[in-house]
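Undergrad: What shape does this take:
(2 chains)
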There are 2 protein chains.
Amino acid sequence: MSIERKAASVPRGFLFSTAEAAIKKPGRKDLALIYSEQESVMAGMFTLNNVKAAPVKLALKQIKSGKGQAIIVNSGNANACTGVQGMKDALEMSKLVADLKGIRADKVYVCSTGVIGTFMPMERIRSKMSMLVKSLGKATVDDVAVAIMTTDTFPKVVSSRKKIGDKMVTITGMCKGAGMIQPKMATMLSFITTDASIEKSALDTALRQAVNRSFNRITIDGDMSTNDTVLIMANGMAGNEPIRSKSKAYEVFAAALTEHLYELSEMIVRDGEGATKLVEVEVRNARSEKDAEHGAFAVANSLLVKTAIYGNDANWGRLMAALGYSGIALKEEKIDIYLNDLMVAKNGMAAGVDKEANEKLKNKRIKIVIDLHLGKRSAKVLTCDLTEDYIRINAEYRT
Amino acid sequence: MSIERKAASVPRGFLFSTAEAAIKKPGRKDLALIYSEQESVMAGMFTLNNVKAAPVKLALKQIKSGKGQAIIVNSGNANACTGVQGMKDALEMSKLVADLKGIRADKVYVCSTGVIGTFMPMERIRSKMSMLVKSLGKATVDDVAVAIMTTDTFPKVVSSRKKIGDKMVTITGMCKGAGMIQPKMATMLSFITTDASIEKSALDTALRQAVNRSFNRITIDGDMSTNDTVLIMANGMAGNEPIRSKSKAYEVFAAALTEHLYELSEMIVRDGEGATKLVEVEVRNARSEKDAEHGAFAVANSLLVKTAIYGNDANWGRLMAALGYSGIALKEEKIDIYLNDLMVAKNGMAAGVDKEANEKLKNKRIKIVIDLHLGKRSAKVLTCDLTEDYIRINAEYRT
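TA: Here you go, the predicted structure:
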């Protein structure tokens, strides 16, 4: 497999390395380290699944300090449903990095993704650790993005720069995740590095706002994993005046971060397992934003809608059915539906353009707009079509 | 396609007929009439979708009387999202039968299933109506079950007999439905005929109880249709003492009806679109029955679980993840999981029997038991695996 990579620009003071510890199938990188030369302000968001992987349980404790300096990640094993041993292993991974770098273990976050219910191959991980730490600086951020892939078919990196005051601030983020996205950012790991100087509470709020408008608005198959994690590290090395909540600089930073995460989340949907089309579902003029969001998710998660889009079948009746069972406030006779700007249903009934509509669906990018004509609130959700390849990928994942 | 049929026994006084009105693809029966020589006590349950087909809206009004004498059904067109015209058409179908039989139109129920958003081909339906009514008695109940099929691959009929007092009572039911089953008995039509004599309120309660333990506990793909309907007609021609609520006869009848509908609902799951395996998911020892049911549904609806079962991959971690995001009360370290009686997870961790477990999954009938060890309530849900054929069937449904 050849992956096209362009070097992403990287915030000051961040170093990366990767290694191969045979956690995934041999021949693929599966261990990565993200390290900041200076201790960073950190914020995180984690899976809401009641079954949480050991590293997530650990990170939930660590993040309370709002500080950190390194993230060690592995792919191939989720370290979930592994009990007391799983927690020991996560702690050891953290401590191995900390000892080699001479920092405190509670400043080293651990993230894992992969198969559930299998103990970590700690011997192999231990044997690679010293090399991993020594080679910090030798890998690019794209190399890390490759090392954290599971069923992803391409690495996902976004880099952007913004002027904050008189300083140029860089944000570079990466993520992995191709299936199980929704409810709430599932099977998804994302690491955002920035050299911005920002106060803890401001970073926390900015991250929450950005995730709610990006990773929490995408869906592939409706499942939610045990391991989802978004971590942001801000090491302050850009030298800008520290960003405070409610300041103008905060608005600039928060908007940039939201846009940044939206781009990353779009990459995840584009790489949805077996997906051939990117689908944006917008519900307009709902009674509340919650209604708009629920309605859009019901449509985006409907297997019948997703297979119809795959089959170029503008079966808008399935959209109506999904809206109907979503439980949101609606009046059937007020609903208009558009497929890539073509009105396919007017006042809840066929607009009589089936052939043109089927043609529209041959696009690789589908925009569905549902106008409820009931209120003033809207929401957008990103998803993809559902294909035979999704089944193949997930039926054969471990075999 | 050759369909094996054995003649089902039929309650006294019920007559059937079918016709071909080219609503479906030519060459297939798509119109059917169920008629009772005597007016019947009736009860019904209908889709909870906020977008309801015209015939469902009509039936919701009619059923208030608790009386009826005929059901006219078509497949190929759902008469949903068809506005004022759709309601006119449903009313006309009802009136055509009523006039020809000399009964009141509000005693003739209409049911439709098929594509949404297309007006009924009323000309073709009108032209067949006189023949349909005249040929009453010429079709079997199995012929009706064939005429109401859409993506079903076999007709679904169950017949059973019970002694109530000193009289033999017959219950004969049929249903259709292969995809979109859940939440709540979706894309599903079921018609139950019985010659039992029973009071309206008793019939109503018995139907609700039976549906909640059968059709409402099955799931294929999590979608819910605009047309789901279960109707039961009891014409009293068995001559038994009328069954009253809370009597011993009621218990006998209600238990028989529940068993009857459970058999029908199992047929629907067995015929799930593209399904190769029947899967029973039981959650045991939950804190509440609602928790048990929610947990079982989360597992049964998880695409990752369904594809793993298809792929003979005993990936029990996906079950744990689904339980975790279902939101029910659980303690990860207390959960045991069994696949066809083999314990695959103990105390929330691997039992180390992956190979044997994968072998177990090669069965066509899979029984998953999840013991939460938390309370005393249990619930069972029936589902099927998810295969490439599901995608194919639903991507090509209209094309």
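Undergrad: Which strands or helices does the helix or strand that contains A:S40 pack on?
TA: Assigning secondary structure by DSSP states H and E places A:S40 in strand A:31-46. Judged by 3 or more CB pairs under 8 Å, 6 or more residues apart in numbering or on different chains; DSSP states H and E, strand A:31-46 is in contact with strand A:14-19, helix A:54-62, strand A:67-77, helix A:122-134, helix A:141-147, strand A:189-194, helix A:200-212, strand A:229-234. For every residue, glycine as well, the C-beta is placed using N, CA and C.
Undergrad: redo that, cut-off 7 Å
TA: For strand A:31-46, the elements it packs on are strand A:14-19, helix A:54-62, strand A:67-77, helix A:122-134, helix A:141-147, helix A:200-212, strand A:229-234, judged by 3 or more CB pairs under 7 Å, 6 or more residues apart in numbering or on different chains; DSSP states H and E.
Undergrad: Tell me how many other residues crowd the residue in the stretch 51-200 of chain A that chain B sits nearest to.
TA: Using CB to the nearest CB, A:I116 is the residue of the stretch 51-200 of chain A that sits closest to chain B, at 2.4 Å. By other CB atoms under 10 Å in any protein chain shown, the residues close to A:I116 number 24.
Undergrad: my guess is it contacts B:G317, does it?
TA: Yes. At 2.4 Å, A:I116 counts as touching B:G317 under the criterion of CB atoms under 7 Å.
Undergrad: Name the residues contacting each of these two.
TA: Listed as contacting both A:I116 and B:G317 by CB atoms under 7 Å, 6 or more residues apart in numbering or on different chains are A:A80, A:C81.
Undergrad: ok, now which ones touch A:A292?
TA: A:A292 neighbours (CB under 7 Å, 6+ apart): A:V283, A:A286, A:R377, A:S378, A:A379.
Undergrad: And it, its phi and psi?
TA: The phi and psi torsions at A:A292 (degrees, to the nearest 10) take the values phi -60, psi -40.
Undergrad: Next, work out how far apart it and B:T18 are.
TA: Counting by CB to CB, to the nearest Å, the gap from A:A292 to B:T18 is 45 Å.
Undergrad: And for A:F297?
TA: In terms of CB to CB, A:F297 sits 41 Å off from B:T18.
Undergrad: again, but for A:V252
TA: In terms of CB to CB, A:V252 sits 70 Å off from B:T18.
Undergrad: Go ahead and confirm A:T229 touches A:C111.
TA: Yes. The pair formed by A:T229 and A:C111 meets the contact definition of CB under 7 Å, at 5.3 Å.
Undergrad: secondary structure class for the most far-flung residue of chain A relative to its centre?
TA: Most distant from the centre of chain A: A:G352, at 38.6 Å, with distances by CA atoms, centre = their mean. Classification of A:G352 using DSSP: H, G, I helix; E, B strand; the rest coil returns coil.
Undergrad: just checking, A:T172 touches A:A8?
TA: Yes. With contact defined as CB under 7 Å, A:T172 counts as touching A:A8 (5.5 Å).
Undergrad: anything in contact with each of these two?
TA: A:V141, A:S159.
Undergrad: quick one: which of these two has more around it?
TA: Using other CB under 10 Å, the more surrounded residue of A:T172 and A:A8 is A:T172, with 21 against 17.
Undergrad: Quick one: residues contacting the more buried one.
TA: A:A8, A:S9, A:V10, A:P11, A:V141, A:S159, A:T193.
Undergrad: how many neighbours does the last one have?
TA: The reference is to A:T193. 29.
Undergrad: Now it: closest residue in space, sequence neighbours ignored.
TA: A:F14 (4.7 Å; CB to CB, 6 or more residues apart in numbering or on different chains).
Undergrad: Check the fifth one too.
TA: Taking CB to CB, 6+ apart, and ignoring the residues beside it in sequence, A:V141 has A:A8 as its nearest neighbour in space, at 5.1 Å.
Undergrad: State the helix or strand in which the one you found lies.
TA: A:A8 belongs to no helix or strand, assigned by DSSP H and E.
Undergrad: quick one: it and B:R244, what's the gap?
TA: Applying CB to CB to A:A8 and B:R244 gives a distance of 76 Å.
Undergrad: again with A:R365
TA: For A:R365, the distance to B:R244 - CB to CB - is 62 Å.
Undergrad: and A:V41, what does it touch?
TA: Applying CB under 7 Å, 6+ apart, the residues near A:V41 are A:G66, A:K67, A:I198, A:K200, A:L203, A:A234.
Undergrad: Of all pairs in those, which one spans the longest distance?
TA: The span of the contacts of A:V41, defined through CB to CB, is set by A:K67 and A:I198 at 12.8 Å.
Undergrad: Which residue of those two possesses the greater neighbour count?
TA: A:I198 (29 against 16).
Undergrad: pLDDT score assigned to the residue nearest to that one when sequence neighbours are not counted?
TA: Leaving aside its sequence neighbours, A:I198 sits nearest to A:I243 (CB to CB, 6+ apart; 4.0 Å). A:I243 carries a pLDDT value of 98.
Undergrad: So A:G137 lies in a strand, does it not?
TA: No. Counting by three-state DSSP, A:G137 is not part of a strand but coil.
Undergrad: Against A:W316, how distant is the nearest residue in space to A:N340 that is not next to it in sequence?
TA: Excluding its sequence neighbours, the residue lying closest to A:N340 (CB to CB, 6+ apart) is A:K360, at 4.4 Å. Distance, A:K360 to A:W316, by CB to CB: 11 Å.
Undergrad: Now for the closest residue to A:N347 other than its chain neighbours: which residues touch it?
TA: The shortest distance from A:N347 to any non-neighbouring residue, by CB to CB, 6+ apart, is to A:E333 (5.4 Å). Each residue near A:E333 by CB under 7 Å, 6+ apart is listed here: A:N347, A:G348, B:G83.
Undergrad: Reformat those as a markdown table; add pLDDT, neighbour count and secondary structure.
TA: Below are the contacts of A:E333 laid out as a markdown table (pLDDT from 0 to 100; neighbours: other CB atoms under 10 Å in any protein chain shown; DSSP: H, G, I helix; E, B strand; the rest coil):
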| residue | pLDDT | neighbour count | secondary structure |
| --- | --- | --- | --- |
| A:N347 | 95 | 14 | coil |
| A:G348 | 94 | 21 | coil |
| B:G83 | 94 | 15 | helix |
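Undergrad: coming back round to it: the helices and strands packed on strand A:31-46: which one's closest to B:L132?
TA: helix A:200-212 (56.1 Å).
Undergrad: Taking strand A:31-46 as reference, get the angle to that closest one.
TA: Relative orientation of helix A:200-212 versus strand A:31-46 (axes from the mean of the first three to the mean of the last three CA atoms, to 10 degrees): 90 degrees.
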